[in-house]
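**Q** output the structure for:
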Amino acid sequence: MPAPDSSATTDSELPSSARIYDYALGGKDNYEVDRKALDKVMEAFPTVRIAARHNRQFMHRAVGVLAEAGVRQFLDIGTGIPTEPNLHQVAQIESPEARVVYVDNDPVVLAHARALLAGSSEGRTAFVAADLNEPESILAAPQLRETLDLASPVAVSLVAVLHFLSDAQDPAGVLKTLVDGLAPGSFVVASHITSDLDPEAMERAFEMYSRSAVDVQARTHAEFTTFFDGLELLDPGIVTVNRWRPAIEPPAWLDAQVNCYGAVARKP
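**A** As a prediction, the model looks like this:
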């Protein structure tokens with residue numbers, strides 16, 4: 001993908017995955033083309049808004065757990081349009097000194113980046129315009145190096161982003177490159193859409209996504225599991241995001257409405 005171009009921030013002719021997700025979460029930073037794209041997906045996957053909300057809540061819980069456990073550095077890749085509370089706000093509730101670097105290649109997100117930089121006075125936040133397909137450039141970015149100490153543990157967040165990479169783009173390899181660049185004791189927080197729980201509906205939904213020029217590749221539980229090879233999964237392992245340490249045990253029928261796996265793992 002090309003580097004972000006600020007001149008493209010007002011492009012309302014093509015849907016944007018960031019703006020579609022913003023609309024799914026009830027945000028207002030989206031265009032009619034994005035709303036139409038999601039409405040089409042909802043014809044096949046009517047609970048997509050529920051899925052988006054639970055995915056976001058999974059990120060909040062995972063970051064809260066890691067911050068409480070002493071993690072003070074976070075790298076959020078595929079940030080999306082700011083939606084409060086953002087990752088740094090969650091982390092800095094527990095640890096005001098927490099440092100967070102946000103990464104995205106979408107010019108729409110770049111236009112809203114200032115909202116991601118207003119953290120606590122004790123901590124620090126930064127934004128890197130970069131592509132997940134180039135993990136080495138992310139780790140080498142001056143803004144990241146000035147904010148995070150890669151010789152100490154970092155929690156990298158890849159929430160609802162890996163399914164935008166095809167098999168040819170090797171998402172497991174991308175993740176491995178990122179993890180290899182982090183210190184032992186670092187963590188991975190990741191979620192990924194699946195068709196395991198409702199194959200027919202999800203197949204139709206992905207077709208609608210692709211018609212909107214937003215390609216999504218679902219992966220099975222077994223395929224997602226391979227992303228964590230060499231890492232230590234935290235309890236409860238790989239589960240639908242609504243089942244990752246919820247305050248209240250969710251009903252069984254909710255899993256098929258969410259259709260998204262999540263996990264947190266530690267680099268030994």
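**Q** helices along the stretch 101-250 of the chain, start to end?
**A** 107-111, 135-140, 142-147, 171-180, 199-211, 221-225 (DSSP state H, counting those that start in this stretch).
**Q** among those helices, which is nearest Lys267?
**A** The closest of the helices of the stretch 101-250 of the chain to Lys267 is helix 171-180. By Cβ to Cβ, the value is 5.7 Å. From N, CA and C alone the C-beta is placed, and that goes for glycine too.
**Q** related to what we said a few turns ago, deepest in the core, which of the helices of the stretch 101-250 of the chain is it.
**A** helix 107-111 (a mean of 21; mean count of other Cβ atoms under 10 Å).
**Q** now do that helix: which elements does it pack against?
**A** helix 17-24 (3 or more Cβ pairs under 8 Å, 6 or more residues apart in numbering; DSSP states H and E).
**Q** buried set for the helix it packs on?
**A** Ser17, Ala18, Arg19, Ile20, Tyr21, Asp22, Tyr23, Ala24 (16 or more other Cβ atoms under 10 Å).
**Q** which residues are in contact with Asp196?
**A** By Cβ atoms under 8 Å, 6 or more residues apart in numbering, the residues touching Asp196 are Thr220, His221, Asn259.
**Q** the same query, at a cut-off of 7 Å, please.
**A** Applying Cβ atoms under 7 Å, 6 or more residues apart in numbering, we find Asp196 in contact with Thr220, His221.
**Q** re earlier: closest one of the buried residues of helix 17-24 to Tyr31?
**A** Arg19 (6.4 Å).
**Q** now the buried residues of helix 17-24 as a markdown table including pLDDT and distance to Ile50?
**A** Converted to a markdown table, those look like this (pLDDT from 0 to 100; distance: Cβ to Cβ, whole Å):
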| residue | pLDDT | distance to Ile50 |
| --- | --- | --- |
| Ser17 | 84 | 18 |
| Ala18 | 85 | 19 |
| Arg19 | 87 | 19 |
| Ile20 | 88 | 15 |
| Tyr21 | 86 | 14 |
| Asp22 | 86 | 16 |
| Tyr23 | 86 | 14 |
| Ala24 | 87 | 9 |
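**Q** Ala160: which of the residues you listed is nearest?
**A** Tyr21 (7.1 Å).
**Q** for that closest one, which non-adjacent residue is closest in space?
**A** Closest residue to Tyr21 apart from its sequence neighbours, by Cβ to Cβ, 6 or more residues apart in numbering: Gly80 at 5.4 Å.
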